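**Student:** Fold the following.
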Amino acid sequence: MVNGETRVRGLAARAGGWSARHRWAAVGVWVLFVVLAMGLGTAAGRLDVKESDQLKGETHTAAKIIEDAGIEEPASETVLIQAKDGSGRATDAGFRAAVGDVITAVEATGLVTDVTSPYDTKTISGDGRSALVQFALRGEADTAGERVEPVLRAVANVQKDHSSLRIEEIGGASMQKQYSDAFGDDFKQAEFSAVPVALGILLIAFGALVAALLPVALAITAIMATMGLMGIVSHLQPMSDTANSVMLLVGMAVGVDYCLFYLRREREEREAGRDAGTALRIAAATSGRAIIVSGVTVCVAMAGMLFTGVAEFEAMGLASLMVVAVAMVGSVTVLPALLSLLGERVEKGRLPFLRRGRRGNGESRFWTAVLRRVLARPVVSAAVAAGALLAVAAPALGMRTSQLTLDQEFGDSLPIVQTYKRLNEAFPGGSQPAQVVVKAEDVNAPEVRQALTAFKERAIASGASRGPVDIRLHEDRNVALVSVPLVGGSDLDKAGGSLEKLRDEVRPATLGKVDGLQAPITGQVAGSHDFNAQLVGSVVPVFVFVVVFAFLLMLLSFRSLTVATTSIVLNLLSVGAAYGILVAVFQHGWGASLVGAHGVGAIVTWLPLFLFVILFGLSMDYHVFVVSRIREARLRGRSTKDAIQHGVVTTAGVVTSAAVIMVAVFAIFGTLSMQSMKQMGVGLAAAVLIDATVIRGVLLPAVMSLLGERNWYLPKWLHRLPDLTHDETPEAVAAPPAPPAPPGPPAPPAPSKGEPLGV
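**Tutor:** Okay, the predicted model is just below:
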């Protein structure tokens, strides 16, 4: 005590106290912040990541040359005309008539340009059964999917007149349209489903409508504010639609979690007999602090994405970081104000029959029974839990990553996938050719022309391509675009080998001999190759950054070397188990049908690093909350074993509720038809489920029980570290101290509840 007043330490406690005393001001400031953020963001507009900035390396160089030259690449479309039986040939009169009808039909729409006949461009398959009519859609490529419908109808009408032939359109615009039609509404429904799902689970968890609405409302306002901030920040770091979707996921998860932690503690203290004001102060000093420690740790984890050098990842990391920070601030400021305003009305709309599974002291009956067995045999419990997690993680040792091709991504769910397969069989690599972007001082110079001709011939002679190799000159820009179908087609491993031949053998021997000439090779296969290389190169720095900073934050927040170390190890175990499940289901196909998946033989390239960062951050939510409660109980005088049991069983309900919400939200994305989204949803849901049950309910208490007092070990040479602990206990922050008693006989000592700390 200082000057007769209780000294409450900690930013969260002070923020909560101020908000409770200035309720309308706190709510008003929050509403003003959300409105201003949205208004300024709308006025500024959002800048999205440019294609030229997506990757580094050759892909970036090629996109930059095209952009600087002002070359607008239109969306190219292809019509595959193919004999259905083995007897038909491209030289047949009926086949020629069909080609002519296709050309006439697409030109009649007035939406296309540069229509070419296969008889002029020699785009006839080796067996003579297939031919390609190629053209480009007028207007910007980004919006071509919105204008391609009349062209698709024109091609479909030609098909009706030639039943003996297969006439199908494929290309960037048609794929964009089918993708949008099939999955655009799917994505929106998944995102909007997250709110009612979270609300339903919170209603069950709290048994009261108002209490359930608060976390959802705060999460939604945090997301709205972040969307506005994304528009402002995008002028420094461009954003993307993917970053927006990830921000929604993370924002809903942490926003609901943080409010859940706060609300549960406030309710628990009121159920213990404390008045509303005291319960709020205790929640601010304890759960509020855990929210700040957790939020900062999650922000650090999300910041790891900024080290990838991939613009899309940088956008996702920054957007996620912002929404976590906004949700964290809202939880420790406006939430106490709302609770203070509502008072007992937070219990409005109570559903008492939903509260039978909990004791009056906030302890979970189920987890009390589990903890009793775990703490009775901690060695066996730790060995079984760790062994099970390592067994689940084992398949991850054979993880194979790859960018998913169209048929891997969608299976047979889209009609265009069959066209894609048939086109690749007839013209290997024709659906995703490599593109050589040649930039020279004078593209018409004899040595440049000779080098282009030599490259075209050698590309086929080397076995990297079977042709036809197409060269388009932009003489006024001194740029040439060379399209090279790669041998291997949709098999990215084989196509990758063909790409390496072009880059390492063909190009140096031809274009590489011309001084001052640039010839970066891009395209879907090249982009996948460069993306993989860049991600692999960023794994170590991202891993080191996230792990080291998370370790330091835990060390400073709990002042325990043991707690910091076990936190990292347990989180890595949960991430490893998630990797193992992903590989088992999606790479090996074990139980794939149970989640509506098909084994694609690989994990999408971006997912492992993405999952590591997201899961490492989200896992810390539970860990900080549980360990904070254990430490609080220990500092109040309980034995370590008793503190562990108290900390776990009193937080089990909120952790379980939070985990169920996360699992449900992530599982929604696991229901989408896209394999990459399904992998993400299943991976996140599995990891959160493992983390909230096996890790926090079994392994953490077993390990802490075995360590005993060593849990709080801090070497003397580390005592100089900043002390970020805030040891408030309910007794320390419950109420101002009583005035000094008048002189008289001493009162008998009160029963001890443990030594008050933090005063």
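**Student:** Quick check: next helix or strand after the lengthiest helix in the chain?
**Tutor:** Taking DSSP state H as the criterion, the chain has its longest helix at helix 524-558. Downstream of helix 524-558, the next assigned helix or strand under DSSP states H and E is helix 561-582.
**Student:** Please name every helix or strand in contact with that next one.
**Tutor:** Using 3 or more C-beta pairs under 8 Å, 6 or more residues apart in numbering; DSSP states H and E as the contact test, the elements touching helix 561-582 are helix 378-393, helix 524-558, helix 607-635, helix 675-690, helix 700-707. For every residue, glycine as well, the C-beta is placed using N, CA and C.
**Student:** Okay, now the unreliable bits of the stretch 51-200 of the chain?
**Tutor:** 51-53, 86, 182-192 (pLDDT under 70).
**Student:** which stretches of it form helices?
**Tutor:** Secondary structure of the stretch 51-200 of the chain, counting by DSSP state H, counting those that start in this stretch: helices at 57-69, 93-108, 118-121, 149-161, 172-179, 185-206.
**Student:** Mind checking which residue lies nearest the centre of this protein?
**Tutor:** Val246 (4.8 Å; C-alpha atoms, centre = their mean).
**Student:** Without its sequence neighbours, what residue ends up closest to that residue?
**Tutor:** Nearest residue to Val246, sequence neighbours excluded (C-beta to C-beta, 6 or more residues apart in numbering): Met316, at 4.7 Å.
**Student:** In contact with the one you found: list those residues for me.
**Tutor:** Shown in contact with Met316 (C-beta atoms under 8 Å, 6 or more residues apart in numbering): Ser240, Thr242, Ala243, Val246, Met247, Met305, Phe610.
**Student:** Narrow those residues to those in helices?
**Tutor:** Using DSSP H, the members of these that fall in helices are Thr242, Ala243, Val246, Met247, Phe610.
**Student:** Run through who's touching stretch 442-461.
**Tutor:** Contact with stretch 442-461 is made by 436, 438, 440, 465-467, 469, 471, 473-475, 478-480, 482, 484, 502, 506-507, 509-511, 513-514, 517, as judged by C-beta under 8 Å, 6+ apart.
**Student:** List the buried residues in it.
**Tutor:** Going by neighbour count (16 or more other C-beta atoms under 10 Å), the buried part of stretch 442-461 is Val443, Val448, Arg449, Ala451, Leu452, Phe455, Lys456, Arg458, Ala459, Ile460.
**Student:** before we move on, what about stretch 65-72?
**Tutor:** Using 16+ other C-beta under 10 Å as the test for burial, stretch 65-72 gives Ile65, Ile66.
**Student:** what does stretch 17-33 give?
**Tutor:** Buried, per 16+ other C-beta under 10 Å, within stretch 17-33: Gly17, Ser19, Ala20, Arg23, Ala26, Val27, Trp30, Phe33.
**Student:** One more: stretch 562-578?
**Tutor:** Neighbour-count burial for stretch 562-578, with 16+ other C-beta under 10 Å as criterion, is recorded at 562-564, 566-568, 570-578.
**Student:** Give me the distance from that stretch to the chain's centre.
**Tutor:** With C-alpha atoms, centre = their mean, to the nearest Å as the basis, stretch 562-578 stands 20 Å off its chain's centre.
**Student:** average pLDDT for it?
**Tutor:** Averaging pLDDT along stretch 562-578 gives 92.
**Student:** Stretch 537-552 now?
**Tutor:** Averaged over stretch 537-552, pLDDT sits at 89.
**Student:** one step back: in helices, which of the buried residues of stretch 17-33 fall?
**Tutor:** Gly17, Ser19, Ala20, Arg23, Ala26, Val27, Trp30, Phe33.
**Student:** what's the closest of those residues to Gly497?
**Tutor:** Phe33 (54.1 Å; C-beta to C-beta).
**Student:** Which of the contacts of Met316 sits closest to Met620?
**Tutor:** Within those, proximity to Met620 (C-beta to C-beta) peaks at Met305, which comes in at 15.8 Å.
**Student:** what's the helix or strand for the nearest residue to the closest one once chain neighbours are set aside?
**Tutor:** In this structure, Met305 finds its nearest non-sequential neighbour in Gly317, 2.7 Å apart by C-beta to C-beta, 6+ apart. Following DSSP H and E, one finds Gly317 within helix 311-342.
**Student:** any weak-confidence spans in this structure?
**Tutor:** The model of the chain has pLDDT under 70 over residues 1-10, 51-53, 86, 182-192, 352-364, 412-413, 429-431, 489-492, 599, 724-759.
**Student:** Does Tyr713 touch Ala564 like I think?
**Tutor:** No - between Tyr713 and Ala564 there is no contact under C-beta atoms under 8 Å: 10.4 Å.
**Student:** by contact count, what packs against the longest helix of the chain?
**Tutor:** When contacts are defined as 3+ C-beta pairs under 8 Å, 6+ apart, helix 524-558 packs onto helix 57-69, helix 287-303, strand 401-402, strand 434-439, helix 492-501, helix 561-582, helix 607-635.
**Student:** redo that, cut-off 6 Å
**Tutor:** Judged by 3 or more C-beta pairs under 6 Å, 6 or more residues apart in numbering; DSSP states H and E, the packing partners of helix 524-558 are helix 57-69, helix 287-303, helix 492-501, helix 561-582.
**Student:** For PyMOL, what selects the buried ones among the contacts of Met316?
**Tutor:** The buried subset of these, as determined by 16+ other C-beta under 10 Å, is captured in PyMOL by this line:
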select buried, resi 240+242+243+246+247+305+610
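**Student:** wait, which of the contacts of Met316 is closest to Thr671?
**Tutor:** Of the contacts of Met316, the one sitting nearest to Thr671 (C-beta to C-beta) turns out to be Val246, at 17.6 Å.
**Student:** residue contacts, Leu700?
**Tutor:** Under the criterion of C-beta atoms under 6 Å, 6 or more residues apart in numbering, Leu700 has no neighbours.
**Student:** how about 8 Å then?
**Tutor:** So Leu700 contacts Thr566, Leu570, His623, Val626, Val627, Val648 (C-beta under 8 Å, 6+ apart).
**Student:** sorry, back to before: correct me, but the residue nearest to Met305 touches Cys299?
**Tutor:** No - at 9.8 Å, Gly317 does not count as touching Cys299 under the criterion of C-beta under 8 Å.
**Student:** of all the helices of the stretch 51-200 of the chain, which gets the most neighbours per residue?
**Tutor:** Sort the helices of the stretch 51-200 of the chain by mean neighbour count, taking mean count of other C-beta atoms under 10 Å, and helix 172-179 sits at the top with a mean of 21.
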